[in-house]
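Undergrad: sequence and predicted structure are below.
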Amino acid sequence: MIKRQKILVTGRVQGVGFRPAVYRIAQALGLTGFVYNDTKGVTIELQGQEERIAEFLDRLQSQDKPPLADLKTCTVTELPAITGEDKFIIKTSDAEGSALSQVTADIATCRDCLAELFDKEDFRYGYPFINCTNCGPRYSIVKTIPYDRPNTTMSAFKMCDKCATQYTDVTDRRFHAQPVACGTCGPKIWLTNSKGKTIKTGTEDTIVEAARLLRAGKIVAIKGIGGFHLAVDALNDRAVKRLRQRKRRDHKPFAVMADSIERIKEYAIVSESAERLLKNPQAPIVLLPRKEDSAIAPSVAESVDTLGFMLCYAPLHYLLFAQGLEILVMTSGNISDEPLICTNQIALERLGCVADAFLMHDREIYRQVDDSVIHFIDDKPVPLRRARGYVPTPIFISRASCVVRDASEKEKQNTQYAIRNTHHEINSPKDIFAAGADMKNTFCFVKQNQLICSEHIGDLKDAEVYHHYIESIEHLQRLFGVEPKVVVCDLHPAYLSTQYAKSLSDMKVIQVQHHWAHIASVLVEHGLSGPVIGIECDGTGYGTDGAIWGCECMIVSLEKFERFGNLAYYDLAGADKASKEAVRPLLALLKKTYGSDFKLDEFMWLLERMETTSNNNSKLKTQNLKLISEQLDKGINCVKTSSLGRVFDAVAAMLGLGSHNYFDAQLPMALEAIAADGIDEYYEYEFIKEAGGPIQLDLSMMFRQLVDDVEKEWDASILSAKFHNTLCIAMLAMAKQARESTKLDTVALSGGVFCNRYLTNRLIQQLRENGFRVLFNREVPSNDGGLSIGQAAIAARAVTRRP
Ligand SMILES: [Zn+2]
Ligand SMILES: [Zn+2]
C-alpha cells in the first residue's frame, strides 16, 4: 500500500547533518519526496510502501540518527499520495528562513576524524584542522546567517578538489560541513617567539618545537577553537608558578587537559558519569576530586579539593599531546578578568609578557568562547560556566520530561503528577531580551518557545567585558533573527546591565528581583510555572526594600513571588570592598551577635587570625579595624543585607582560611574544601517572627558557639562541617514552615551558594528525607550565569498572559 506522510521534526535538527541523513535513509529505502529546514525544525514529506515509511522513522530515531541531532518531537500527518514523483530531494530552506537553531555549538573532534588524523594513508593525516559534519568549530567561526561557508571565517580558504568533492557529496560525512579543509587548501599553523617573530613553520616542525618548549617548562600561548589558551606543563611547579605570576592570577585554580581518560585517572577520581561527561562532544572542563598522591603541581590549584580536567577537543591538541606530553595547564588566554583573547595580533600585544612562544593559526575566531565548566550535584552534571559546546544551543521552554529523565520511581510519580497540574506551554508572542546580571553575565533571548542563552560573558565592571557584552548581544540577535520588543533586567539600579536595558528605545522594560529570577531559572528548566517553595542562597542581589538580599525563602511562580523568610539582616560596610574583605562581614556579624557587649579589643585574637594566613598579602592594621568598626556603628556607607555568601566569608576568616576573596567565592570554596565528612553535629539558631513580616533566621547563637569553638582551637574541618550542617538544618526547618503554611511540597534551590557541593548535596538529601520534591539547576549555572533565563521566563510568562 502506497502512502504519503508529512513529518515535522523539532529539536536540535539543523546544522547537524540531519537533512543528509534523511536523504540517505530515504534513498536506501526507495522512498520519494523531499526534506527542508524551516523555522520550526525539519519538514519531511515521504511517499512509498507503508512499512518502509515506518522503517524510515525507526532508523531516523535510532541507528541512523546523526550523532549531534537531538529529536524533541516527531509529528506525522497523513497526506494523499501524489503521482509523477520519482526521487527524493533536499530542498533549499523555506523562504521564511531557518534561523531558529541553525547555528550549532563548537564540537570536539569526533572519533572518525581522530582516526583519520593519525592514519598515514589518509590525505588529512596530521592535519590540525580536520573536521566533519559531526565535529569541529561552528559558533566560534560564524559571522552571520545563513550558516554557509561564505558567512564563516572559512571563507578565506578556497576548497581544493578533494575537499570540494566530499563537501558536495550527500553520502559523505563532510557533506556541507562548512569548515571542511585539508593541508593543501585550509588553515595553517606556525610558531612565533614572544615578540611575534616566526620561529617555526610547517605543521610537523611547529608541533614538535611547541611540544619541546612545553616539556622544557616554557609557557606557550595556543590558539584553539574559542580563543587562546596559556599552556604549561602541569607537573612542573616552577613553570606553573611562573605562569601565575605573569598572568597576575595569584589564586584562581587552573584547568588541565589530557588526551585520554586513562591519563586523567592517574590524577583524579573519575566516576562513570564523569567519564561520560568528559567524553561528551561538548568536551567541558569537569571538576573532579583529585587523588591525594597526584603528581600535579600544587600551585595548579590551592585550597580547593577538586581540579578541573578536560580532554583534548581540537585536532591541534591531539597532535601536541602525541609528542609525549602528559598533562597541561590550559588556562584562558587573558590577563586577569579581561575577555578571552582570540586574535593573533592582540595575543601578541597582551600576552607577549606572559607566553614564551605562540602557537598561531590563520583560521580566524569570530566569537571568543570560553571552556565550559561542569560539576556534579546529587550525582548529576550541573554547569558552573556554560559556554563552548553548549552555546548557542537553545533551551526549550517547556520540556517537562527532563525531570522524569533521572528521577527515582517515587519522584517520577510526583513529577508526573506535578507536570499534569502545572506543566505549561510558553510560546512567547513577542521576542524578548533578558539582560542578565552584572557578575558572571550571560544574556538571553526568547524566540517563540526557545531560550537562546549567550555564552559566559564575564563581569561587566571591566570596560572591555562590557564592550564585549554589547557586541555579543548584537551578534546573537543577528544570528537568530530576534527582534525584541520587550527587555527584562535586574532590579538593581546600579547594574550596568540594567542601565543598558533601560537605554534601549522602543522597548517595554520589565525589572525582575534577582532571587526571583534565580528560582524562575529552575522552574523554566523543569517546564514548571510554580508555585513552589524557592530557597535562594547567594552572594548579593538587590531587594525590593533596597536592602541587599542573599538568603531567601520565597513562594515563587513565574507570575509573582512572596518573601516567606530570610536571613536576619546585618550591616555591610564599604560597598564593593565588602565582598572582597572578609573582615567587614565578620565585624558586622560579631557586633550583631554580641550587641553592646562587643568590644573590639576583646576580639583582636580572633581578627588577628586572618593576618597569619597564607593568602593574605596586605596586613590588617588595627587602625583599619577600628575604622570599619566605627563605620558600622555610625552606619556610614552601610547597607542592610541578608547575604549568605558574606557569612561564608566571615566564617572562613574566623577559621583562619584567609582574609580576602581574590577571586569570586575564594573563601567559601576554601571553607567547603576543608569540611570534614561524617559529621552530623550542628550549631543552634533561632527563627524570629515579627507580625506580618517574613521569618528571620538569626545565626547569633551559632556565632557565639563558633567563637567558643575557635577559642578552644577545635579542628577547623569539623567546625566547617558544623557550620554547613547548621545552614542545612535551618533551611530545612524554614522549608517545613513554608510547607505548613502553603501546602506546597516542591522546593527549588538556586543561587551562587548552591555551587557548594557539601551544602547542596546535604540539603537535597535532608529535604527528600522529609518528603519534599527537590529541583535544582541542571542546564544553566545556579550562580548569576543562570540569571538571564530566569528573567526571560518571567518576562515570557508576562507577555503571554497579557498579550
Ligand atoms: Zn569529525
Ligand atoms: Zn582540501
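TA: Arrived safely, thanks for sending. Ligands and ions are numbered 1, 2, ... in the order given.
Undergrad: the residue in the stretch 701-803 of the chain positioned nearest to ligand 2: what's it in contact with?
TA: Nearest residue of the stretch 701-803 of the chain to ligand 2 (CB to the ion) works out as Glu779 at 37.6 Å. Just so you know, the C-beta spots here come from the backbone N, C-alpha and C atoms, and that holds for glycine as well. Residues in contact with Glu779 (CB atoms under 8 Å, 6 or more residues apart in numbering) are 383, 386, 395, 402, 525, 789.
Undergrad: of all the residues you listed, which two lie farthest apart?
TA: Using CB to CB, the contacts of Glu779 span at most 15.5 Å, a distance reached by Arg386 and Cys402.
Undergrad: more crowded one of the two?
TA: The residue with more neighbours, out of Arg386 and Cys402, is Arg386; 27 against 16, by other CB atoms under 10 Å.
Undergrad: now do that one against Asp784, distance only.
TA: 12 Å (CB to CB, to the nearest Å).
Undergrad: now swap in Ala221 and tell me
TA: Counting by CB to CB - Ala221 and Asp784 are separated by 29 Å.
Undergrad: now swap in Pro284 and tell me
TA: For Pro284, the distance to Asp784 - CB to CB - is 19 Å.
Undergrad: okay, those two: which has more neighbours?
TA: Higher neighbour count among Pro284 and Asp784: Pro284, with 29 against 26, using other CB under 10 Å.
Undergrad: residues in contact with the nearest residue to the more buried one once chain neighbours are set aside?
TA: In space, and not counting its chain neighbours, Pro284 is closest to Ser372: 4.0 Å by CB to CB, 6 or more residues apart in numbering. Contacts for Ser372 (CB under 8 Å, 6+ apart) come out as 282, 284-285, 383, 385-390, 456.
Undergrad: which phi and psi does Ser372 have?
TA: With angles defined as degrees, to the nearest 10, Ser372 sits at phi -80, psi 150.
Undergrad: and it, how far from Lys223?
TA: If you go by CB to CB, the gap between Ser372 and Lys223 works out to 19 Å.
Undergrad: do the same with Arg768
TA: 47 Å.
Undergrad: more neighbours, these two?
TA: It is Lys223, of Arg768 and Lys223, that has more neighbours when counted by other CB under 10 Å, with 24 against 16.
Undergrad: what's the burial count for Ala653?
TA: Ala653: 26 surrounding residues under other CB under 10 Å.
Undergrad: I meant Tyr167, not that one.
TA: Other residues lying near Tyr167 total 18 when counted by other CB under 10 Å.
Undergrad: nearest spatial neighbour of it, skipping sequence neighbours?
TA: Using CB to CB, 6+ apart, the closest residue to Tyr167 is Val180 (5.2 Å).
Undergrad: got the confidence number for that neighbour?
TA: Listed pLDDT for Val180 reads 96.
Undergrad: now swap in Met507 and tell me
TA: If you check Met507, the pLDDT there is 90.
Undergrad: next: Gln450.
TA: pLDDT recorded at Gln450 is 87.
Undergrad: what's it sitting at in phi/psi?
TA: phi -120, psi 140.
Undergrad: list the contacts of Arg24.
TA: Counting by CB under 8 Å, 6+ apart, Arg24 makes contact with 64, 170-171.
Undergrad: so it sits in a strand?
TA: No: applying DSSP: H, G, I helix; E, B strand; the rest coil, one finds Arg24 to be helix, outside a strand.
Undergrad: picking that back up, out of the contacts of Glu779, which one has the lowest pLDDT?
TA: Cys402 (28).
Undergrad: partners of the helix or strand harbouring Ile533 in the sheet?
TA: Counting by DSSP states H and E, the element that carries Ile533 is strand 532-542. Strand 532-542 has these partner strands in its sheet, going by DSSP bridges: strand 548-556 (antiparallel), strand 746-750 (parallel).
Undergrad: need the longest helix for the chain.
TA: Ranked by residue count under DSSP state H, the longest helix found in the chain is helix 716-742.
Undergrad: got the buried residues for that one?
TA: Within helix 716-742, the residues that count as buried by 16 or more other CB atoms under 10 Å are 716-735, 737-739.
Undergrad: the inter-axis angle of that helix versus strand 532-542?
TA: Using axes from the mean of the first three to the mean of the last three CA atoms, to 10 degrees, the inter-axis angle of helix 716-742 relative to strand 532-542 is 120 degrees.
Undergrad: the stretch 651-800 of the chain: helices as residue ranges?
TA: Ranges of helices within the stretch 651-800 of the chain are 666-674, 700-711, 716-742, 757-769, 787-801, based on DSSP state H, counting those that start in this stretch.
Undergrad: any idea of the angle the third one forms with helix 757-769?
TA: Taking the same axes, to 10 degrees, one finds that helix 716-742 is oriented at 40 degrees with respect to helix 757-769.
Undergrad: any idea how far Val369 is from the residue of the stretch 351-500 of the chain found nearest ligand 1?
TA: Closest contact between the stretch 351-500 of the chain and ligand 1, by CB to the ion, is at Gly389 (14.4 Å). Distance of Gly389 to Val369, given as CB to CB: 9 Å.
Undergrad: got any residues that touch both of those two?
TA: Contact criterion CB under 8 Å, 6+ apart; residues shared by Gly389 and Val369: Asp106.
Undergrad: who in the stretch 101-250 of the chain is up against ligand 2?
TA: For the stretch 101-250 of the chain, the residues in contact with ligand 2 (CB under 5 Å from the ion) are 160, 163, 182, 184-185.
Undergrad: and the furthest pair within the residues you listed?
TA: Cys163 and Thr184 (8.0 Å).
Undergrad: which one's more surrounded, those two?
TA: Using other CB under 10 Å, the more surrounded residue of Cys163 and Thr184 is Cys163, with 21 against 13.
Undergrad: can I assume that one is in contact with Gln178?
TA: No: Cys163 is beyond contact range of Gln178, at 11.5 Å (criterion: CB atoms under 8 Å).
Undergrad: if we can go back for a sec, and the longest helix of the chain, how far out from the chain's middle?
TA: 27 Å (CA atoms, centre = their mean, to the nearest Å).
Undergrad: avg pLDDT for it?
TA: 97.
Undergrad: same thing with stretch 279-298?
TA: Stretch 279-298 shows a mean pLDDT of 93.
Undergrad: how about stretch 261-268?
TA: Averaged over stretch 261-268, pLDDT sits at 96.
Undergrad: likewise for stretch 542-551?
TA: Averaged over stretch 542-551, pLDDT sits at 94.
Undergrad: then stretch 161-176?
TA: 92.
Undergrad: what's the spacing between that stretch and its chain's center?
TA: Relative to the mean C-alpha coordinate of its chain, stretch 161-176 is positioned 34 Å out (CA atoms, centre = their mean).
Undergrad: buried residues in it?
TA: 163, 166-167, 172-176.
Undergrad: circling back: so the longest helix of the chain versus helix 700-711, what angle?
TA: 170 degrees.
Undergrad: so Phe358, which of the three states?
TA: Taking three-state DSSP as the rule, one finds Phe358 in the strand state.
Undergrad: who does it form a beta bridge with?
TA: Counting by DSSP bridges, Phe358 is bridged to Thr192, Ala221.
Undergrad: hang on, it packs against Lys195?
TA: No: counting by CB under 8 Å, Phe358 stays clear of Lys195, with 9.7 Å between them.
Undergrad: neighbour-wise, which of those two wins?
TA: More neighbours surround Phe358 than the other of Phe358 and Lys195, with 26 against 8 (other CB under 10 Å).
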